[in-house]
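Trainee: Below is the sequence, then the predicted model.
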Amino acid sequence: MRLKMLSTAALLAMTAATFPAYAEQAAPAHSVGQPYAARNLADRIVLSAGADAAREMAVAFRTDTEQNIAQAQIAPAIDGPSLEARATTITGTSSPITTENGDAIYHQVRFTGLEPGSAYVYRVKGSAGWSEWFQFRTASDKAEPFRFLYLGDTQNNILSIASRVIREAFHSTASPSLVVHAGDLVAQREDMVHDDEWGEWTQAGAYNYAIVPQLPATGNHEYVDIIAPDGSESRKLGPHWPRTFALPDNGAQGVEETTYYVDYQDVRFIALDGTAGLDLGGLDAQTRWLDATLASSKAKWNIVTFHQPIFTCARPRDTEELKAAWKPVFEKRKVDLVLQGHDHCYSRLTAEAGKTASAKARADGKVQGPVYLVSVTGSKMYGLNDRSDKQPDRVAEDTQLFQVVDVEGDRLRLRTRTATGRLYDGFDLIRHADGGNRLVEVDGLIDLRRCSGDTGPDGLPCTARKKD
C-alpha cells in the first residue's frame, strides 16, 4: 500500500474505518504519554534511503491535523547560513492516524534526482511553521569506504533504557552513513500504548534519525493482533510502520510494505519480513524475490536483515521454515552477513556444525559462508539455549549491545560493543582473489558475559529468562 493524498476529513474517516481499535481509544486522557500528542510543529522525523542511495532519499514526519499537506524544502548544503535561498519546495503524500494520543497526520516526501556524494539540507512543515534544517549526505556512486550501525531489538523501556545504547552508538561512532534495525523497534501489545512507544522510539534516536538514513526490518511486534472472520487469531501490520518509514517501493509481491533493498556504494542491503513469511503466507514470494534480488546485485557485499533468526541463541529450536527457505539462497548467492534480532541475546555463528568445526575450517584456509548474527539493544533479555556453548563462536546474555560495521574495499570489519562501549566481539571478512571470504577474529575482547545461576555478569540478579 502506497499512501495517497486525501482531504483531512476523508483521511480521518478512513483511519477510523481501517483501524477501529485506534478510533475507540482516541481519548487522550487515557494515555500515559501526553507529551507524545501531535502538535503544531513537525515531529517524528525519520530519514530513509532510496533504492539508489546516491540519488534518492525520503523523509517521513508527523504533524497535527491542521497541516494536511506534506511539504518539505531541500537545498544543496552550503557553508553559510542562507540555506533557504536555493531551497526547492516539494510536496508528498499524507495519511492520518487516530490513536490514544488523539488525531495526527503522517507525511512522506521523496527527494529524487540528487547528486551522488553530496551534502543537502532539508526541513519539513508543520501548521505553525518549518522545522530546523537537517543535513544529510547522499552515497557515492563509486565504491568508497563507509560505516554503518546495526541495532537489535529495542522494544521495551525504549526511552528509559534502550536510548543510552542508541546514543552511545552514535556518540562513539564517527559519522555512520546509515543504521540497520533488526526489528521489534517497539513492544506494541505489552507495556505501553502503541503511539507512546513510537514516540519513545523516535525520541531515543532524536535528530540522528533525521540526518542518518534508517534501514529497518519488521519484527513480530510491528504487527498487531486481530481476529480473522473465522474467529481465529491473526496478525496485521500496525498502522505506524508504513507511516513512520518512507521505504523504497521495490519489495516482494504481496509484502511490498516490509521488504525492500537499498544499494549503498558497494553494498546491497536487503530487508526481509520473517513474520509475514511465518504467519501470513508471504514466504514463497519473499524467497523468489530474495533470490532474484541477490542475483541482480552488482555490489561486492550483500547483507540481509530480518527479525526471527535462522539460528537461535535463546529458543530450543531454530526457525526451521525460514532456514529451509532462505539459508540455501544465502549460500548459493554468497551472502556475507545476516543481521537478526528476536532472541534478546547475542550470537555470532559462522558454521552450523559449531565453533570447533568453524575454527578448523578457518585454520585450513576454507572459504567463510554467511555469518549469522543476533543482537539486542533494549532491556528485555532471554537466557542462552543449550547449544550456546558449542554452536556459536561468541555469545552473551543479560547484555545490551550495538554493532559498528566498516566497509573498506575488500575488507568488511564488524565490531560488537557493549552499552558502555567496550569491545565484546569482532572479526574481519576479507575478500580474496578467488571471490571467497576468509574470516579473521580480533583480539582484546572482554570476558564472556553470561549469567551464573541467578547472578548476572554485572554481579546483579540475572534478568535473562529462559525461552521455551
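Mentor: Right, received. Where do you want to start?
Trainee: Only C-alpha atoms from now on, for both contacts and neighbour counts.
Mentor: Noted.
Trainee: Would you mark the buried spots in stretch 416-430?
Mentor: The neighbour-count criterion (16 or more other CA atoms under 10 Å) identifies 416-419, 423-430 as the buried residues of stretch 416-430.
Trainee: now those residues as a markdown table including secondary structure, pLDDT and distance to Glu197?
Mentor: Output for the buried residues of stretch 416-430, formatted as a markdown table (DSSP: H, G, I helix; E, B strand; the rest coil; pLDDT from 0 to 100; distance: CA to CA, whole Å):
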| residue | secondary structure | pLDDT | distance to Glu197 |
| --- | --- | --- | --- |
| Thr416 | strand | 98 | 26 |
| Arg417 | strand | 98 | 25 |
| Thr418 | strand | 98 | 24 |
| Ala419 | coil | 97 | 21 |
| Leu423 | strand | 98 | 30 |
| Tyr424 | strand | 98 | 29 |
| Asp425 | strand | 98 | 30 |
| Gly426 | strand | 98 | 32 |
| Phe427 | strand | 98 | 34 |
| Asp428 | strand | 98 | 36 |
| Leu429 | strand | 98 | 36 |
| Ile430 | strand | 98 | 40 |
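Trainee: which two from these end up farthest apart in space?
Mentor: Greatest spacing in the buried residues of stretch 416-430, by CA to CA: Ala419 and Ile430 (27.4 Å).
Trainee: picking that back up, could you dump the buried residues of stretch 416-430 to JSON lines with distance to Thr455?
Mentor: Below are those laid out as JSON lines (distance: CA to CA, whole Å):
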{"residue": "Thr416", "distance to Thr455": "23"}
{"residue": "Arg417", "distance to Thr455": "22"}
{"residue": "Thr418", "distance to Thr455": "18"}
{"residue": "Ala419", "distance to Thr455": "19"}
{"residue": "Leu423", "distance to Thr455": "22"}
{"residue": "Tyr424", "distance to Thr455": "20"}
{"residue": "Asp425", "distance to Thr455": "22"}
{"residue": "Gly426", "distance to Thr455": "26"}
{"residue": "Phe427", "distance to Thr455": "29"}
{"residue": "Asp428", "distance to Thr455": "33"}
{"residue": "Leu429", "distance to Thr455": "35"}
{"residue": "Ile430", "distance to Thr455": "39"}
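Trainee: per-domain residue ranges of the chain.
Mentor: Taking automatic domain parsing as the domain assignment, the ranges for the chain are 8-137, 146-441.
Trainee: Can you flag the weakest of these by average pLDDT?
Mentor: Ranked by mean pLDDT, the domains of the chain end with domain 8-137 at the bottom, a mean of 86.
Trainee: Quick check: beta-bridge partners of the closest residue to Pro309 other than its chain neighbours?
Mentor: Leaving out its chain neighbours, the residue that sits closest to Pro309 by CA to CA, 6 or more residues apart in numbering is Gln340, at 5.5 Å. Counting by DSSP bridges, Gln340 is bridged to Val374.
Trainee: Hmm, Leu373 and Gln340 touching each other?
Mentor: Yes: using CA atoms under 8 Å, Gln340 is in contact with Leu373, at 6.0 Å.
Trainee: Counting neighbours around each, name which of the two comes out higher.
Mentor: Gln340 (32 against 25; other CA atoms under 10 Å).
Trainee: ok, now which ones touch the more buried one?
Mentor: Neighbour list for Gln340: 152, 182-183, 305-309, 372-375 [criterion: CA atoms under 8 Å, 6 or more residues apart in numbering].
Trainee: Scan these and report the most crowded one.
Mentor: When neighbours are counted by other CA under 10 Å, Ala182 leads these with 32 neighbours.
Trainee: Quick check: the gap between that one and Ala104.
Mentor: Between Ala182 and Ala104 the computed distance is 27 Å (CA to CA, to the nearest Å).
Trainee: try Thr98
Mentor: For Thr98, the distance to Ala104 - CA to CA - is 6 Å.
Trainee: Lys142 too?
Mentor: Taken as CA to CA, the span from Lys142 to Ala104 is 41 Å.
Trainee: Between those two, tell me which one has more neighbours.
Mentor: Neighbour totals were compared for Lys142 and Ala104, and Ala104 leads with 23 against 12 (other CA under 10 Å).
Trainee: Which residue is the nearest non-sequential neighbour of Gln103?
Mentor: One correction, residue 103 is Asp, not Gln. Ile97 (5.9 Å).
Trainee: Please give the element, helix or strand, for the one you found.
Mentor: If you go by DSSP states H and E, Ile97 is part of strand 93-99.
Trainee: tell me the contacts of the residue lying closest to Arg411 once chain neighbours are set aside?
Mentor: Of all residues not flanking Arg411 in the chain, Ile430 sits nearest, at 4.6 Å (CA to CA, 6+ apart). By CA under 8 Å, 6+ apart, Ile430 lies in contact with 410-412, 437-440.
Trainee: cool, Thr112 as well?
Mentor: Taking CA under 8 Å, 6+ apart as the test, what Thr112 contacts is 55-57.
Trainee: List only buried entries from the residues you listed.
Mentor: 55-57.
Trainee: Of those residues, which belong to strands?
Mentor: The strands, defined by DSSP state E, take in Met57 from those.
Trainee: Distance check, the residue nearest to Pro309 against Pro216.
Mentor: 11 Å.
Trainee: who touches both of these two?
Mentor: Common neighbours of Gln340 and Pro216 (CA under 8 Å, 6+ apart) are 182-183.
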